[in-house]
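Peer 1: heads up, no residue letters with this:
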């Protein structure tokens, strides 16, 4: 057996990268990353895949390996040059904001040491860093020292965490579920529906509260609906407001809603995955007044702090309620829970926990917050500039004044169907590839969206977007 073990060891030791081999591999990957970053300025924002789902890539895993250059060629040819390029400054289709390169350094270091960030005992440093980030975000959102939180993979898991916490805090179970009422608008992110389903609250009564002309929740309508439901013997349970909807970027009147929730004794949750961290900048502080009223709130650093995908966060005002919803015991964990520091394993669905906080902490420590505040203010002002400029482009109409950095607009042809024209306009822009944009529907009308959120989007990129829209609209009219 010893001889067999030694033979296997000889093979398995190839997993240990050593000396020149390690240096060479790292150098080649870093060189590729540098070339990619240098190409972003001129690279397409979108490259359509082949039609009929005929995209091919040799992705199969085999018994023997291949050279790193072949792998990097796959990345260049098959991954980094096809589909949406979210690192482009001309990517204005959706909200995630560009993949800050400094975050890659944090991910690299976190993966090299593989520190487990689930419990304090395993890595006091990793847990302390992640808790310090949550404390920082809680302060931004005007939460008290009693708050807790969790760095999640994104807004979907963060919203689920908040909803489960609210469910358990209000003891919504059994026959009580079908009598309990959740209040929101039709513009909440669809992950809320998923979260309610996963949390076992699919049979709750859902009320879509009316919105104003800017697609913000009407507080009077909310108050009237809660009172009407109480009069019918129902159980008003949860109000969900949006701090920046995906459709229009609209921010519900957070303070007014919070006052109603407080007086009615219902759990108040704010989905600020997109917009919550705009509260760092002066313009955002005005739009987001009232976050302190909420019982829980979600923010996504991979949106509003420009990080790579996979970085969300939830904050809960009362740590005891989050702990009660998620803490669990196992005999094999007995000696790793020998302290009173709350960790993500106590406060979330996850036990296995990658040290994802380093991708946020490293850039913030290295750069400070002023740069991020300036970038956020710039995005809001760029959206206002786009909104104003598009009003003077013949044929276009714009939607409501942007609360944050999303603008809706569309072309109104003198003849023909406007929805069909805007669909063809979007396709023409995407086929060209310089700009990536998206659409949505408001009151049945197809409208185009400009979601200005990349740290690489500046005035030149916005002017390019306007130019290409104007050019392709004219071409379609010929």
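Peer 2: That came through, no problem. These numbers come from a predicted model, not from an experiment. Numbers count the residues shown, from 1 in each chain.
Peer 1: Any regions of this structure where pLDDT drops low?
Peer 2: Applying pLDDT under 70 to the chain flags the ranges 52-55, 334-339.
Peer 1: can you give me the strands in it?
Peer 2: Along the chain, counting by DSSP state E, strands occupy 46-47, 83-84, 148-152, 180-184, 205-208, 235-242, 267-272, 296-299, 312-316, 396-398, 406-411, 438-442, 445-451.
Peer 1: Kindly reformat those strands as JSON lines and extend each row with distance to residue 351 and mean neighbour count.
Peer 2: For glycine as for every other residue, the C-beta is placed from the backbone atoms N, C-alpha and C. Below are those laid out as JSON lines (distance: least, Cβ to Cβ, whole Å; neighbours: other Cβ atoms under 10 Å):
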{"stretch": "strand 46-47", "distance to residue 351": "38", "mean neighbour count": "18"}
{"stretch": "strand 83-84", "distance to residue 351": "33", "mean neighbour count": "15"}
{"stretch": "strand 148-152", "distance to residue 351": "12", "mean neighbour count": "27"}
{"stretch": "strand 180-184", "distance to residue 351": "28", "mean neighbour count": "23"}
{"stretch": "strand 205-208", "distance to residue 351": "31", "mean neighbour count": "17"}
{"stretch": "strand 235-242", "distance to residue 351": "26", "mean neighbour count": "26"}
{"stretch": "strand 267-272", "distance to residue 351": "24", "mean neighbour count": "28"}
{"stretch": "strand 296-299", "distance to residue 351": "21", "mean neighbour count": "30"}
{"stretch": "strand 312-316", "distance to residue 351": "17", "mean neighbour count": "29"}
{"stretch": "strand 396-398", "distance to residue 351": "48", "mean neighbour count": "17"}
{"stretch": "strand 406-411", "distance to residue 351": "36", "mean neighbour count": "24"}
{"stretch": "strand 438-442", "distance to residue 351": "36", "mean neighbour count": "15"}
{"stretch": "strand 445-451", "distance to residue 351": "34", "mean neighbour count": "22"}
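Peer 1: any chance of those strands in a markdown table, with distance to residue 348 too?
Peer 2: As requested, those are exported to a markdown table (distance: least, Cβ to Cβ, whole Å):
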| stretch | distance to residue 348 |
| --- | --- |
| strand 46-47 | 35 |
| strand 83-84 | 29 |
| strand 148-152 | 4 |
| strand 180-184 | 22 |
| strand 205-208 | 25 |
| strand 235-242 | 19 |
| strand 267-272 | 16 |
| strand 296-299 | 13 |
| strand 312-316 | 8 |
| strand 396-398 | 40 |
| strand 406-411 | 29 |
| strand 438-442 | 31 |
| strand 445-451 | 28 |
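Peer 1: leaving aside the residues next to it on the chain, what's closest to residue 461?
Peer 2: Using Cβ to Cβ, 6 or more residues apart in numbering and skipping the chain neighbours, the partner closest in space to residue 461 is residue 89 (4.1 Å).
Peer 1: Distance from the chain centre to stretch 465-476, please.
Peer 2: How far stretch 465-476 lies from its chain's middle: 30 Å, per Cα atoms, centre = their mean, to the nearest Å.
Peer 1: Touching it from outside, list them.
Peer 2: For stretch 465-476, contacts defined as Cβ atoms under 8 Å, 6 or more residues apart in numbering pick out 90, 92, 386, 389-390, 393, 395-396, 411, 421, 424-425, 428-429, 432, 434-435, 437, 450.
Peer 1: rewinding a little: now do the contacts for the residue nearest to residue 461.
Peer 2: Listed by Cβ under 8 Å, 6+ apart, the contact set of residue 89 reads 40, 41, 98, 454, 456, 457, 458, 461.
Peer 1: Please pick the buried ones from those.
Peer 2: 40, 98, 454, 456, 457, 461 (16 or more other Cβ atoms under 10 Å).
Peer 1: Between those residues, which sits nearest residue 361?
Peer 2: For the buried ones among the contacts of residue 89, the closest approach to residue 361 (Cβ to Cβ) belongs to residue 98, at 18.4 Å.
Peer 1: For residue 305, see how far away the residue nearest to residue 461 is.
Peer 2: Counting by Cβ to Cβ, to the nearest Å, the gap between residue 89 and residue 305 amounts to 17 Å.
Peer 1: swap in residue 4?
Peer 2: Taking Cβ to Cβ, one finds residue 4 at 52 Å from residue 305.
Peer 1: just residue 10 next, same as before
Peer 2: Taking Cβ to Cβ, one finds residue 10 at 46 Å from residue 305.
Peer 1: neighbour-wise, which of the two wins?
Peer 2: Legend: neighbour count by other Cβ atoms under 10 Å for residue 10 and residue 305, higher for residue 305 (25 against 9).
Peer 1: quick one: the helices in the stretch 51-200 of the chain?
Peer 2: Using DSSP state H, counting those that start in this stretch, the helices of the stretch 51-200 of the chain run over 68-74, 101-113, 124-140, 155-169, 191-198.
Peer 1: Please convert the buried ones among the contacts of residue 89 to TSV, extending it with distance to residue 361.
Peer 2: Formatted as TSV, the buried ones among the contacts of residue 89 follow (distance: Cβ to Cβ, whole Å):
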residue	distance to residue 361
40	25
98	18
454	22
456	22
457	25
461	29
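Peer 1: Just the ones in helices from these, please.
Peer 2: residue 461 (DSSP state H).
Peer 1: Between the buried ones among the contacts of residue 89, which sits nearest residue 415?
Peer 2: Among the buried ones among the contacts of residue 89, and counting by Cβ to Cβ, the member closest to residue 415 is residue 461, at 32.3 Å.
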